[in-house]
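Visitor: sequence and predicted model, in that order:
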Amino acid sequence: MKTNKIIYLTFLIMACNSSNPESNKEELTTQTITSRVSVDVDTPPPILQSNFKNIHDWLNDICSHDQPKVEISKFEIGLIEGEDLKGNKEYMLHLIGTNTYNKANHSEIRNDFIPKNAYFKLPKEFAQNLSHNQILDKIIAELKDFTKSNTFEQSFLTNAKEIKFSRTNQIIWSK
């Protein structure tokens, strides 16, 4: 299943304007224009059964079984929050690799790597008795801990410029 996600782009347009018709001097003025672009992204299956016990297992699997077809400049780990059928809170991580392509007068960000197991549903015990901020801190700590592992150091992830936890916009690792 795919969902339509809207991305807002902001463009800065610069033009030369004569502020005084009698003057030969030109003044630089700027105008900001916001545009939006729709991008199709895969959504997780409605009932995701995870084969992994923890974040390390999930990332180890990606490093062992997936390989980007092109070099990736940034990996982003996102967090999806929801509820199960009984109304209990659920948390799911997802990983994508992105590149920025500079065109003649604009930049374009593309998802150039989506691993087979792009989604990982955190076990219920992971967030048990924790506040929202504590859950985010725990995720960040485990992601940073993974970057110290041999698996990470020998993986394609280290070819990127950075790995970011997109929920908090925090850099987990960078060159």
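Guide: That came through, no problem. Source: prediction; values computed, not measured.

Visitor: which residue packs closest to the residue nearest the centre of the chain, ignoring adjacent ones?
Guide: When the chain is reduced to its mean C-alpha position, the closest residue under CA atoms, centre = their mean turns out to be Glu76, at 3.1 Å. Among residues not flanking Glu76 along the chain, Ser166 sits closest, at 4.8 Å (CB to CB, 6 or more residues apart in numbering). For every residue, glycine as well, the C-beta is placed using N, CA and C.

Visitor: from Gln49, how far off is the one you found?
Guide: 24 Å (CB to CB, to the nearest Å).

Visitor: what do you get for Lys175?
Guide: For Lys175, the distance to Gln49 - CB to CB - is 35 Å.

Visitor: any idea how far the residue nearest to Glu76 lies from Asn111?
Guide: According to CB to CB, Ser166 stands 12 Å off from Asn111.

Visitor: which of those two has more neighbours?
Guide: With neighbours defined as other CB atoms under 10 Å, Ser166 and Asn111 compare such that Asn111 has more, 16 against 12.

Visitor: Three-state assignment for that one, please.
Guide: strand (DSSP: H, G, I helix; E, B strand; the rest coil).

Visitor: SS state for the closest residue to it other than its chain neighbours?
Guide: Nearest non-adjacent residue to Asn111, counting by CB to CB, 6+ apart: Ile96, 4.9 Å away. Following three-state DSSP, the label given to Ile96 is strand.

Visitor: let the chain start at 236 from now.
Guide: Noted, 236 is the first residue going forward, which turns the last one into Ile331.

Visitor: can you list the residues that contact stretch 319-331?
Guide: Here stretch 319-331 makes contact (CB atoms under 8 Å, 6 or more residues apart in numbering) with 279, 283, 290, 293-294, 297, 310-318, 346, 348-350, 353-357, 359, 361-362, 370, 374.

Visitor: stretch 297-314: which residues count as buried?
Guide: Applying a neighbour-count criterion of 16 or more other CB atoms under 10 Å, one finds 297-298, 301, 303, 307, 309-312, 314 buried in stretch 297-314.

Visitor: now for these, which pair is the farthest apart?
Guide: Within the buried residues of stretch 297-314, Pro303 and Leu314 form the most distant pair, 21.8 Å apart (CB to CB).

Visitor: could you check how many residues crowd around the residue nearest to Glu397 when sequence neighbours are not counted?
Guide: In this structure, Glu397 finds its nearest non-sequential neighbour in Ser409, 4.0 Å apart by CB to CB, 6+ apart. Using other CB under 10 Å, the number of residues around Ser409 comes to 11.

Visitor: what's the closest non-adjacent residue to Thr403?
Guide: If the residues on either side of it in the chain are set aside, Thr403 comes closest to Leu371, at 5.9 Å by CB to CB, 6+ apart.
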